[in-house]
Every structure is written in structure tokens, then in C-alpha cells.
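> no letters, just coordinates:
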């Protein structure tokens, strides 16, 4: 297929980003593989699942059906964690409000509900590149996510021994370990919002990684409470949430005992990442 033929097929299917998608497909594929991929995209399947990868931060992550596709807005949680570690000199906006813990030679952290592992791996790579010794865990309940995160550690992590993937249901299981900070992008789409999602998301991405209950807040009480127990004094938690959930998530963060609670806005000026600091004692 030619670029024009792919573009015509995708435009006719109602693909809102038909020109971009057609160009990407033609750059990466050719012949029969291109024709099959274009047909899949025309039926609404996400481009990342078709190609099997998605760029996030500075890495290119393996993505398979059954794991959440990394989003650009989620890169903000990487920025927040690096700011806390004193390693993000180019921070702007609300991220500047995060109290820096000071540079450390050794940092331990956890990434809860890791999915592809993109958040934890991207953070770890930045820390490693700055000479920090990293020890971290990536947790998830999904078998597909666990295997995908392991594959991404092997392919993308600068030091494969720095991170371990651990099966954990944060709603039921305790966290184990002592951490400098904890990050999480849990499911937070409300039940009503699930019905209004774009069909590309609703029909293809995993319900397990999207649905956060009637108010979208099912996971936060457990995340904050268990994070508080496992963080070192002065440690921090960072959690992504929906653009209308900032006030509620801040209340839950404070209720768990965290101080200096704040929220960073994403690139669309929506409240997106809330943090809290455990008292240093």
C-alpha cells in the first residue's frame, strides 16, 4: 500500500489522527505487514498495540494488548520524582513546589500498578545516569503486565539488577521494603466515565488498568496508607489521578499522614500528579 492508500483507508474509518497514523505505519512497515496493520488500525485498534511499542520519556517500551498504553501526561510523574531526588534542573510550574530531598548515592523506590514498567524504568535510568545506585520494585496484579514489565527491564533498563517485578494487589497485599519514594499510576476512571471513553480505549485497553470504581478513587486510600508505612522519614509518594480528582486525592493523602501535600498540573493545565511528604521526624 502507498501512503495515500493508507491515509484514505484510515480517513474513511474516522481516525481523527489519520495522517499521523498513516505516516507512522508507512515509516515502520511495508508490504503485507503494512496492509494488515492499516486494516487493524481502521477497525479502531490502538496504534501502539499494532506496532508493539510506544515511546515514553527517553525510552521505547514494549506494549502488548492487556497493558495500559503509556501516555505523554504520565511523564509528569517522572519529572516529579526526579525533582524530589534533586535531579531535575529544568523543572517548571507546579513541579518546582516539590521539596527536594537532596542528592543521594543510593535510592530505593517502588512503582505500584506498573503496567509496562515505563514509569519506574524511566526514573531508574535517569538516576543511574546520574551515578545513583538504584534498588526498586515494580508491582502489578496482571500476569500480562508483569511479563511486559520484565521484558522492558531486560530491553530498556541501564542496569537490569536495579529493578525487580513483584506481584502485588495493593488493595489486599502489604508492601514490603523501605523506600525513599513511591510512585503510582493506578486505575482512576469512574464507572460513568468508562461508558463515555473513546471506543479505541474502551474496546481495547484493559478494564483492569482503567476502572477505579464509582468515584475513581478505589485505590488511593490503600496506596497512601501502605506507602506511608514503608517510606523512610522524609520520603515521598507521587500518584497520578483524573483531572477532577485533585481535591479528593489530596484529602486522602493528608488523611494517611502525609505533609506538604500538593498537586502538579499536566501539559493541558489539568491537575494530574499529587504528592505528599512523610514527616522527617
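Looks like it arrived, so ask away. Bear in mind the structure is a predicted one, so any value in this text is a computation, not a measurement.
> for the stretch 151-281 of the chain, which segments count as helices?
191-196, 199-202, 207-210, 220-230, 246-255 (DSSP state H, counting those that start in this stretch).
> in the first one, what's buried?
In this case it means helix 191-196. Residues 193, 194 are the ones in helix 191-196 that count as buried (16 or more other C-beta atoms under 10 Å). Using the backbone N, CA and C atoms, a C-beta is placed for each residue, glycine as well.
> how is the protein divided into domains?
Domain assignment of the chain by automatic domain parsing yields the ranges 3-44, 65-277.
> of all those, which one is nearest residue 58?
Closest approach to residue 58 among the domains of the chain (C-beta to C-beta): domain 65-277, 6.8 Å.
> rewinding a little: deepest-packed of the domains of the chain, please.
Highest mean neighbour count among the domains of the chain (mean count of other C-beta atoms under 10 Å): domain 65-277, with a mean of 19.
> end to end on that one, go ahead and measure it.
35 Å (C-alpha to C-alpha, to the nearest Å).
> run the chain-centre distance for it.
Chain-centre distance of domain 65-277: 6 Å, with C-alpha atoms, centre = their mean, to the nearest Å.
> ok, residue 80 - contacts?
By C-beta atoms under 8 Å, 6 or more residues apart in numbering, the contact set of residue 80 is 95, 98, 238, 264, 273, 275.
> the third one and residue 184 touch, don't they?
Going back to what we said before, that points to residue 238. Yes. Counting by C-beta atoms under 8 Å, residue 238 touches residue 184, with 7.4 Å between them.
> returning to that earlier point: now the domains of the chain as a markdown table including mean pLDDT and distance to residue 57?
Listed next are the domains of the chain as a markdown table, based on pLDDT from 0 to 100; distance: least, C-beta to C-beta, whole Å:
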| stretch | mean pLDDT | distance to residue 57 |
| --- | --- | --- |
| domain 3-44 | 91 | 19 |
| domain 65-277 | 91 | 4 |
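> could I get the ones you listed as TSV with distance to residue 52?
TSV is the format used below for these (distance: least, C-beta to C-beta, whole Å):
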stretch	distance to residue 52
domain 3-44	10
domain 65-277	10
